[in-house]
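S.K.: When you get a sec, could you give me coordinates for this:
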Amino acid sequence: MLARLSIRDIVLIERLDIEFARGLAVLTGETGAGKSILLDAFALALGGRGDAALVRQGVEQGQVTAAFDVPKRHPALAILTANGLDDNCSGSICEMILRRVQLADGRTRAFVNDQPVSVQTLKAIGAALVEIHGQHDERALVDATTHRRLLDAFAGLDKDVTAIEELWETRRTARAALDTHREAMDRAAREADYLRHASDELKALKPQDGEETTLAARRTVMMQGEKIAEDLREAQAAVSGPQSPVSALAAAVRRLERRAANSPELIEPAVKALDTALTALDEADQHLNAALVAADFDPLELERIEERLFALRAASRKYSTPVDGLATLAQKYANDVKLIDAGAEQLKALEKAVGEADKTYAAAAEKLSAARAKSSDKLNKAVNSELAPLKLERAKFQTQVESDPASPGPQGFDRVEFWVQTNPGTKPGPMMKVASGGELSRFLLALKVVLSDKGSAPTLVFDEIDTGVGGAVADAIGARLARLAGKVQVMAVTHAPQVAARADQHLLISKDALDKGKRVATRVAALAADHRREEIARMLAGAEITAEARAAADRLIKAAS
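M.R.: Residues are numbered from 1 along each chain as shown. Down below sits the predicted model:
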């Protein structure tokens with residue numbers, strides 16, 4: 001429900017803060033006091049169209065803030081979650097603050113719980129929280145899908161609709177899988193000969209991921225080894241071949257060792273140096289031998305590598321695919337060939353799944369359609385029983401349920417639309433086209449009373465739906481607004497004292513002169529009992545409030561309580 005409405009610098013409103021309660025709140029005041037401005041400001045906070053003309057003259061921006069207390073699991077909270085917004089929940093109640101800033105240059109900014117959002121998001125949340133209805137307001141009635149939703153809510157068919165939406169999705173998924181398979185089979189069949197040849201060729205080639213890089217690296221090592229092998233062999237011959245100094249050095253060491261006893265101080269350093277040289281030559285020989293082993297390769301292996309690289313690169317050019325992509329391509333072609341071979345069998349399975357999904361959906365849609373038809377009769381009786389007190393005793397309300405199994409959808413194959421016949425002998429037709437402004441507002445009220453809190457936003461606003469009626473009809477409108485307010489929060493802008501007398505909260509809208517009459521500002525005041533009687537008396541009597549008017553106001557208030 002709406003808890004608070006704050007308005008800053010919107011047209012004639014400088015600063016306005018209104019607290020709202022449950023039940024029926026009426027807004028009254030003389031013509032031109034600013035009731036329409038108040039509703040325009042409220043609509044702006046709910047995502048309505050912005051307009052630079054709404055900003056009070058002389059300021060840069062106006063602002064409207066609407067604070068709501070929303071129960072958990074309300075549809076508006078799902079919109080918050082879908083847009084990644086905080087829900088401000090505490091216990092079973094969530095506070096939702098909608099704020100709209102209107103700049104004087106025409107731009108607007110939207111916020112929910114002080115988080116910036118798009119106007120579209122604000123509008124979606126606002127529509128889930130508030131419905132505004134008036135004689136010329138078509139938003140709740142013009143869309144036939146809304147009528148279907150209202151009938152389903154009245155009949156308690158929401159779970160059935162959810163179930164058929166799931167069946168529709170199952171049906172859609174099955175059909176999509178069948179279509180995809182058929183397209184793949186058609187494509188494969190058109191290219192069957194080519195696919196079989198390509199698949200066989202690539203299967204024989206057996207390309208591996210990363211194979212080209214590995215082979216090219218091995219080929220480079222082998223070719224480099226061939227170039228340096230001769231140099232390695234020459235070096236090894238110098239170190240350990242026939243011309244090697246190792247034998248001569250070893251013989252010299254032995255001769256010197258035999259003389260070492262005679263002159264150790266002269267011979268031992270030379271022997272150590274020669275030993276070191278012999279050791280170094282031996283290590284060099286070992287390294288050279290290892291290098292020769294590493295550089296050695298089988299010429300046939302090099303030939304095989306080059307032939308493999310040639311075959312891979314030839315296939316790459318042929319199939320316009322990088323060598324590293326040949327393995328994936330081979331798998332794809334193999335799958336396509338399998339699809340040709342096994343596709344017919346899979347096609348039958350998919351067709352069977354589609355058939356079963358169609359059958360299950362059709363059965364559920366038929367059942368739902370029958371339930372809607374049965375419930376439409378109950379809705380018609382309930383709404384028609386409300387029409388006579390509203391001075392529509394000669395009118396008739398009809399719920400048209402047109403079923404077309406050839407045009408299924410997520411909610412079944414029914415089109416639901418509210419029709420009316422305003423007088424006997426006239427042709428019934430869609431409510432929006434047949435009913436006049438005053439009739440439309442009363443049809444709407446009767447419908448809302450019957451639906452109560454089913455399929456309705458938690459706050460309903462009725463803008464002068466009692467225009468042009470009086471007496472018993474106005475009293476009947478007030479009675480039904482009060483009944484409706486027992487289920488949802490109701491706000492009504494009214495000129496009818498019979499409606500105002502039934503209010504739980506009475507707000508008076510007035511226009512005050514400021515700065516010695518140089519400018520005016522709209523004010524809103526919550527009326528206590530005495531002031532409320534005075535306002536209702538004014539509504540009864542006009543400019544001059546008489547004792548009779550006050551007495552009549554007392555009777556209205558007493559009768560309504």
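S.K.: what about this structure, any weak spots by pLDDT?
M.R.: For the chain, the stretches flagged by pLDDT under 70 are 134-144, 226, 296-297, 453, 516-517.
S.K.: roughly how far apart are the closest residue to A163 other than its chain neighbours and A371?
M.R.: By the measure of Cβ to Cβ, 6 or more residues apart in numbering, the closest residue to A163 outside its immediate chain neighbours is A364, 6.6 Å from it. From N, CA and C alone the C-beta is placed, and that goes for glycine too. From A364 across to A371, the span is 11 Å (Cβ to Cβ, to the nearest Å).
S.K.: can you list residues touching both of those two?
M.R.: D160 (Cβ atoms under 8 Å, 6 or more residues apart in numbering).
S.K.: hang on, the residue nearest to A163 in a strand?
M.R.: No - per DSSP: H, G, I helix; E, B strand; the rest coil, A364 lies outside any strand segment and is helix.
S.K.: Neighbours of it, how many?
M.R.: 17 (other Cβ atoms under 10 Å).
S.K.: right, and it touches V161 too?
M.R.: No - using Cβ atoms under 8 Å, A364 is not in contact with V161; the gap is 10.0 Å.
S.K.: who touches both of these two?
M.R.: With Cβ under 8 Å, 6+ apart, A364 and V161 have common neighbours G412.
S.K.: so where do the helices sit in the stretch 151-300 of the chain?
M.R.: Assigned by DSSP state H, counting those that start in this stretch, the stretch 151-300 of the chain shows helices spanning 158-190, 192-205, 211-240, 246-259, 264-295, 299-318.
S.K.: Now do the buried residues in the fifth one.
M.R.: What that stands for is helix 264-295. 267, 271, 274, 281, 285, 288, 291-292, 295 (16 or more other Cβ atoms under 10 Å).
S.K.: same check, this time on the longest one
M.R.: By neighbour count with 16+ other Cβ under 10 Å, helix 158-190 contains the buried residues 160-161, 164, 167-168, 171, 174, 178, 181, 184-185, 188.
S.K.: now these as CSV including distance to A82?
M.R.: Below are these laid out as CSV (distance: Cβ to Cβ, whole Å):
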residue, distance to A82
D160, 24
V161, 20
I164, 22
L167, 23
W168, 21
R171, 25
A174, 27
L178, 31
H181, 33
A184, 35
M185, 38
A188, 41
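S.K.: closest to Q421 among those residues?
M.R.: Closest approach to Q421 among those (Cβ to Cβ): V161, at 28.6 Å.
S.K.: Please enumerate the strands of the stretch 401-550 of the chain.
M.R.: For the stretch 401-550 of the chain, strands defined by DSSP state E, counting those that start in this stretch occupy the ranges 414-421, 429-430, 459-463, 489-493, 505-514, 519-526.
S.K.: elements contacting the fifth one?
M.R.: Think strand 505-514. Helices and strands touching strand 505-514, by 3 or more Cβ pairs under 8 Å, 6 or more residues apart in numbering; DSSP states H and E, are strand 24-28, strand 519-526, helix 529-541.
S.K.: ok and it relative to helix 529-541, angle-wise?
M.R.: 80 degrees (axes from the mean of the first three to the mean of the last three Cα atoms, to 10 degrees).
S.K.: you'd agree L38 is up against V524?
M.R.: Yes - judged on Cβ under 8 Å, L38 makes contact with V524 at a distance of 7.1 Å.
S.K.: anything in contact with each of those two?
M.R.: Shared contacts of L38 and V524 (Cβ under 8 Å, 6+ apart): 16, 27, 509.
S.K.: Can you convert the residues you listed into JSON lines and add a column each for distance to R483 and neighbour count?
M.R.: Output for the shared contacts of L38 and V524, formatted as JSON lines (distance: Cβ to Cβ, whole Å; neighbours: other Cβ atoms under 10 Å):
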{"residue": "L16", "distance to R483": "30", "neighbour count": "21"}
{"residue": "L27", "distance to R483": "19", "neighbour count": "25"}
{"residue": "I509", "distance to R483": "25", "neighbour count": "21"}
